[in-house]
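1. mind folding the following:
(2 chains)
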Amino acid sequence: MIATDTPNSSSLEAAGAAIGDPVAEVEASSRLPVLAMFGAGAFWLVISSVLGLISSIKFHSPDFLAGPAWLTYGRVRPAFVDSFLYGFCLQAGLAAGLWLVARLGRTALRPLPILAGAKLLNLGVILGVIGILQGDASGFDALNFPRYAAAMIFGGYVLIGVPAVLAFHRRAARTLFVSQWFLLAALFWFPWIYSTGSLLVVAFPLRGVAQPIIAWWYAANFQYVWMALVGLGIAFYLVPKVTGRELVSHNLALFTFWTLILFGSWTGIPRTAPVPAYLPAISTVTSVLSILTLVAVALAVWKTVDGNLGLLWGSRSLRFVAVGLACFLAAGVMNIVESLGTTGAITNFTWFTIARTHLLTYGFFAMTLFGAIYFVTPRVVGRELPFTKWVGVHFWLATLGMILGWAPLAVGGIVQGRKLLDPNAAFVDIAKSTLMFLRISTVGDLLMLAGHALLWINLGLLALGLARAACQGFVTEATAEVQPAGAKS
Amino acid sequence: MNHGPLIFLAAFIALAGSWFGVVLTPQLNVGQLQQTNTLNGALYPVARPGVAQQGLQVYRANGCVQCHSQQVGQTGTVFDVRVTEAGTNRVALNEALRKVKTGVSAPEAEQLLERLPLDVARFTNREDAEAAVKTLGVGGTKAHFLVVPVGPDMARGWGKRRSVAEDYLFDAPALPGGVRIGPDLANIGVRQPDINWHLRHLYAPRSEVKGSTMPSYPYLFEKRRAGREASPDALALTGKLAAEKGYEIVPTAEGKALAAYLVSLRSEAPLFISPISVASAAPAGGDTNAPAGGAGAATNAPATK
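-> Next comes the predicted model:
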């Protein structure tokens, strides 16, 4: 009943093979969009991590770059977060999803609308970042881009998403692999939540606390549900593919899918929010029930590699995915800690929540995407990256940076939270007691930035090489024509 | 087999469910909130003054919410029983007092009763407080209980009661925030009503709060040549911070608006949904519409059970 199309059946070397080979055709159709979106995503990754580094330094040196308005902490940080979320996560996630839809369905993409959509999306992110820096931020996490930027991002998404759904509809391989479930749901999920969030919170704000409620709902649906749909979709493809095994239990994977969309979509309202009590209550219940998703993911992967986790370490791209999956589980546990009464009372309002978001969006989603980028790119362009050794360096920079950016904030958050509960602790001292943790996290930001630079240079040089190769033909032709013309005169 | 439509349907149903639950339903209740009455009969909330509303936009534009929450929580409510006026039967009152406040000898009780108003005891449940008030009300003794929200935020002085949806009614954006890298601001206008303090604090945080980790906001101020007399807006700065002779530091329109907004942040009105007793027992009757609760308590606190 459930498709058993193991991705293994398609040979990797097929890319660049003889014309007429359907796989080669599929790869060729996704080459330009996928490469363009990965490249632009890597660019935003570098920009966002520079902004992130600046805001991280400002944590412990408040007067660092305090002069100009556009460099104040309250503007740099949302610019960092949103350029990461929309410039990298959304864009590269879409690109990886496009490739998977095309590859698993044996169906060619129509590159033109996708490229146009990517242009619009990137224009939206550019305007959004500039907007935030000049003071147009909306004030809501993950929705800080002003309305003009949000409209462009939405338009860009539609231009990319519709061809993706059409390609899915036209697919030659009719049976569905489990990753396609995840990706199709993700394609559908984002426009609904983003239009709701942008319209009701940013463009035409509702009355009073209805705004933050919807902003929390959106943030959970984007950073948890959407990212998990795309990230797990990729992981459930890459793990069996690279280890050369079958995804053992499709039912487990589908169970993951169901629990994720049923429970995940209700999470996100903080315990103490000044809203009707049923909202945080439901959020707590669904957060705890999300443990089912975590167990199912862990079991599905464990069974697939037959308990031999070393298999996940075997390939460079899979290593990223393995770390990503571990972070997904850890972030889920952190979410449960936050939503329960006794523990949540400590972690609420602290760096702990920031650490969890970091673990989910970077540790899980970005790491998984790195794996996808390093796996997909050589296949769509039919050649290796210019610096294959950098992939390993990037892995360690990203992993260490992620851990250094996360662990100190999580621990610091607990320290901070315990002191916040003690009314005798002076507030300034509480802030000071977190400084050491913040300093360590800045080192993490620095490492991540270095890793991102490696990724961007690698992809950039690859694109440059391709462009040069493509131009070569024209250039020889052009120069050949000039000479006879010169001989005449 | 083609599961495309099934997946679409599954995602649709799941997302529609959460959309109805977390977007539509809140909009149908808290989204339709209107002004409410405070326990004193005043309307709450009242829209902020225009300059403070501009200040909210400065607050939003500069991402103050990245570090400051504006929501106070409470872990519970306690009931303080208080005697304000001793009645005619001193002996009976003494006895009643020792019944409520155990472990006090008769002479000690007499001593306590010398200084009124006297906070007799604190109860965690309303029935006990009511019973104590009844016990104490001998011989015309005036006693009542106060509803006191408690919790770390209250102990820290960040608020008198928990924040409720009404507090944000007229704010767009409504920014309850989520982190406390800086202190909670739900009642900063109560704690620090001095607009000039806020201006100096925004200009040079560490001059007002030693060891503060808040960034300074020099771009909300300008240095200009002082006139013959100092401008009324000029910041009173001392030492290194002061501008050189002949110059002064004045806030820009944005700076003034932000300070006005901060001063306007007060969410301490006693509400039926989040009751507190007004500290000095409100004059009974007359200008309040508070229902006559337990022996003159100025609240309509719902029973805690």
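2. excluding its backbone neighbours, what's nearest whichever residue of the stretch 151-300 of chain B sits closest to chain A?
-> Nearest residue of the stretch 151-300 of chain B to chain A, counting by C-beta to the nearest C-beta: B:Ala155, 3.3 Å away. C-betas here are computed from N, CA, C, even on glycine. With C-beta to C-beta, 6 or more residues apart in numbering or on different chains as the measure, A:Pro423 is the residue that lies nearest to B:Ala155, at 3.3 Å, once sequence neighbours are left out.
3. which neighbouring elements make contact with the top helix by length along chain A?
-> Secondary structure assigned by DSSP state H gives helix A:435-488 as the longest helix of chain A. In terms of contacts (3 or more C-beta pairs under 8 Å, 6 or more residues apart in numbering or on different chains; DSSP states H and E), helix A:435-488 is packed against helix A:22-60, helix A:367-381, helix A:389-420.
4. report the angle between that helix and helix A:367-381.
-> Helix A:435-488 and helix A:367-381 are oriented at 10 degrees to each other (axes from the mean of the first three to the mean of the last three C-alpha atoms, to 10 degrees).
5. average model confidence for helix A:435-488?
-> With pLDDT averaged residue by residue, helix A:435-488 scores 83.
6. off-centre distance for it?
-> When distances are taken as C-alpha atoms, centre = their mean, to the nearest Å, helix A:435-488 is centred 23 Å away from the chain's centroid.
7. also stretch A:354-370?
-> 7 Å.
8. close to chain B, is it?
-> Yes - under the criterion of C-beta under 8 Å from any C-beta of the partner chain, chain B is reached by stretch A:354-370 at A:Ile354.
9. name the residues of that stretch that are buried.
-> For stretch A:354-370, the buried set under the neighbour-count rule, 16 or more other C-beta atoms under 10 Å in any protein chain shown, comprises A:354-370.
10. give me the low-pLDDT residue ranges for the stretch 201-305 of chain B?
-> For the stretch 201-305 of chain B, applying pLDDT under 70 flags the ranges B:278-305.
11. all helices of it, in order?
-> Along the stretch 201-305 of chain B, the stretches classed as helices by DSSP state H, counting those that start in this stretch are B:205-208, B:253-263.
12. what does the stretch 51-200 of chain B give?
-> Listed in chain order (using DSSP H, counting those that start in this stretch), the helices of the stretch 51-200 of chain B are B:90-100, B:106-114, B:126-136, B:152-155, B:188-191, B:195-203.
13. rebuild these as TSV, extending it with distance to A:Phe349 and mean neighbour count.
-> Rendered in TSV, the data for the helices of the stretch 51-200 of chain B read as follows (distance: least, C-beta to C-beta, whole Å; neighbours: other C-beta atoms under 10 Å in any protein chain shown):
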stretch	distance to A:Phe349	mean neighbour count
helix B:90-100	38	18
helix B:106-114	40	14
helix B:126-136	29	20
helix B:152-155	10	20
helix B:188-191	16	18
helix B:195-203	21	19
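14. now the ones you listed as CSV including distance to A:Trp258?
-> Conversion of these to CSV gives the following (distance: least, C-beta to C-beta, whole Å):
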stretch, distance to A:Trp258
helix B:90-100, 58
helix B:106-114, 65
helix B:126-136, 45
helix B:152-155, 39
helix B:188-191, 46
helix B:195-203, 51
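15. A:Ala66: which of those is closest?
-> When these are ranked by distance to A:Ala66, counting by C-beta to C-beta, first place goes to helix B:195-203 at 11.1 Å.
16. and chain A, is that closest one touching that?
-> No - judged by C-beta under 8 Å from any C-beta, helix B:195-203 and chain A are separated, with a smallest distance of 11.1 Å.
17. export that helix as CSV, just CAs?
-> Written as CSV, here are the backbone C-alpha positions of helix B:195-203 (Å, rounded to 0.1, in the frame of the first residue of the first chain):
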residue,chain,number,x,y,z
ILE,B,195,10.2,61.0,32.8
ASN,B,196,13.5,62.7,33.2
TRP,B,197,14.9,59.7,34.9
HIS,B,198,13.9,57.6,31.8
LEU,B,199,15.5,60.1,29.4
ARG,B,200,18.8,60.1,31.4
HIS,B,201,18.6,56.3,31.5
LEU,B,202,18.1,55.9,27.8
TYR,B,203,20.9,58.3,27.1
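18. just the angle between it and helix B:253-263, please?
-> On the basis of the same axes, to 10 degrees, helix B:195-203 is oriented at 120 degrees to helix B:253-263.
19. so how far is chain B from the closest residue to A:Gly39 other than its chain neighbours?
-> Spatial nearest neighbour of A:Gly39, excluding adjacent residues (C-beta to C-beta, 6+ apart): A:Leu459 at 4.9 Å. Using C-beta to the nearest C-beta, to the nearest Å, A:Leu459 is found at 31 Å from chain B.
20. quick check: A:Leu459 touching A:Thr377?
-> Yes - under the criterion of C-beta atoms under 8 Å, A:Leu459 lies in contact with A:Thr377, with a separation of 6.9 Å.
21. hey, what's in contact with both of those two?
-> Both A:Leu459 and A:Thr377 are in contact with A:35, A:38, A:385, where contact means C-beta atoms under 8 Å, 6 or more residues apart in numbering or on different chains.
22. so the second one makes contact with A:Asn458?
-> No - when contacts are counted by C-beta under 8 Å, A:Phe38 is not listed as touching A:Asn458 (10.3 Å).
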